[in-house]
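Chemist: 3D model of this:
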Amino acid sequence: QVQLVESGGGLVQAGGSLRLSCVVSGRTFSNYAMGWFRQAPGKEREFVATISASSGLTDYTDSVNGRFTISRDNAKNTVYLQMNSLKPEDTAVYYCAARTGSPVHLYRYYDYWGQGTQVTVSS
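Modeler: Okay, the predicted model is just below:
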């Protein structure tokens, strides 16, 4: 059983920064592509960023490209999401997710999920 635990969310003013962490346990972390997704009230869960298992290849949704950075530390079984220049529209619950194979944008193709961490950006 794979378990994912996110942390690092909180309340921040527009223009501020947060770093989310997601610790993975239960299987070999380096075998999994990882993704960050977010869900705002009344909206569908959406792709934010992904990172591949082996090469560390990253991908971002357009609205966060240049502001957010996804990274992973396989020695610590952890994936990060550094969020800079935050905007009120970034407010959402942020989830990390894991899947075997290549990283993809569609959340339904991920096998394992964390419980989510709330990010609130005030204007």
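Chemist: Secondary structure element holding the nearest residue to Val64 once chain neighbours are set aside?
Modeler: Leaving aside its sequence neighbours, Val64 sits nearest to Val48 (Cβ to Cβ, 6 or more residues apart in numbering; 5.9 Å). Every C-beta, even on glycine, is put in place using the N, C-alpha and C of the backbone. Following DSSP states H and E, one finds Val48 within strand 46-51.
Chemist: ok now that strand, how far from the chain's centre?
Modeler: Offset of strand 46-51 from its chain centre (Cα atoms, centre = their mean, to the nearest Å): 6 Å.
Chemist: So which elements touch that strand?
Modeler: On a contact count with 3 or more Cβ pairs under 8 Å, 6 or more residues apart in numbering; DSSP states H and E, strand 46-51 meets strand 32-39, strand 58-60, strand 68-73, strand 78-83.
Chemist: which residue packs closest to the most far-flung residue of the chain relative to its centre, ignoring adjacent ones?
Modeler: Distance from the C-alpha centroid of the chain, by Cα atoms, centre = their mean, peaks at Ser123 (22.6 Å). Closest residue in space to Ser123, ignoring its immediate chain neighbours: Pro88 at 4.8 Å, by Cβ to Cβ, 6+ apart.
Chemist: for the one you found, phi and psi?
Modeler: Note on Pro88: its backbone torsions stand at phi -60, psi -30 [degrees, to the nearest 10].
Chemist: who are the neighbours in contact with it?
Modeler: Taking Cβ atoms under 8 Å, 6 or more residues apart in numbering, we find Pro88 in contact with Ala14, Val121, Ser122, Ser123.
Chemist: which among the residues you listed end up buried?
Modeler: Restricting those to buried positions leaves Val121, with burial counted as 16 or more other Cβ atoms under 10 Å.
Chemist: Restricted to strands, list the contacts of Pro88.
Modeler: Judged by DSSP state E, the subset of the contacts of Pro88 located in strands is Val121, Ser122.
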